[in-house]
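S.K.: take this sequence and fold it.
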Amino acid sequence: MVMVLSPLFLVFMLGLGLTPLTLAEDDRRYRHFLIQHYDRSPKGRDNKYCETMMEKRHLTKPCKSINTFVHGNKNDIKDICKDKNGKPYRGNLRISKSPFQVTICKHKGGSTRPPCHYKATKDYRVIVIGCEKGWPVHFDESFVPPHK
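M.R.: Below is the predicted model:
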């Protein structure tokens, strides 16, 4: 007995096969964002914290000139991509409605080869991120929220 596959069945199966690839790509970009910019419960938040975190997160070959770590709950960051904690900003970017605790690590200068030396700045700031399909994938900037 020969089984004939209908074109609709083939389209259905193809769709099932491609869906995990799309989800995996979204997940990969989100995980990369978290690796570069998220640290739930930082210890110290001083120059040594920056030097340790930048190296641990593989941001020191070459020494990255500036990087911001956002602290707190991942879901609060994800909510910036929705209206719950974010609103449209410039272009496709979103700005947080509430400030986040952040640590900004700025390269002190000199050689861009390791060992890298960083100056830490601790602050509460609103953050601007890029989102794709409801997921944070790009950190753009942060600034002190304007006084109301």
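
S.K.: need the phi and psi values for the residue nearest to the spatial centre of the chain.
M.R.: Centre of the chain computed as the mean C-alpha position; nearest residue by C-alpha atoms, centre = their mean is Phe33, 2.7 Å away. Phi and psi for Phe33, reported as degrees, to the nearest 10, are phi -60, psi -50.

S.K.: ok, now how distant is it from His71?
M.R.: Noted for Phe33: a distance of 15 Å to His71, by C-beta to C-beta, to the nearest Å. Every C-beta, even on glycine, is put in place using the N, C-alpha and C of the backbone.

S.K.: show me where this structure has strands.
M.R.: 66-71, 86-88, 93-96, 100-107, 118-132, 135-143 (DSSP state E).

S.K.: dump those into JSON lines; add distance to Tyr49, mean neighbour count and mean pLDDT as well.
M.R.: Below are the strands of the chain laid out as JSON lines (distance: least, C-beta to C-beta, whole Å; neighbours: other C-beta atoms under 10 Å; pLDDT from 0 to 100):
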{"stretch": "strand 66-71", "distance to Tyr49": "9", "mean neighbour count": "20", "mean pLDDT": "98"}
{"stretch": "strand 86-88", "distance to Tyr49": "27", "mean neighbour count": "15", "mean pLDDT": "97"}
{"stretch": "strand 93-96", "distance to Tyr49": "22", "mean neighbour count": "20", "mean pLDDT": "98"}
{"stretch": "strand 100-107", "distance to Tyr49": "7", "mean neighbour count": "20", "mean pLDDT": "98"}
{"stretch": "strand 118-132", "distance to Tyr49": "6", "mean neighbour count": "18", "mean pLDDT": "97"}
{"stretch": "strand 135-143", "distance to Tyr49": "17", "mean neighbour count": "18", "mean pLDDT": "97"}
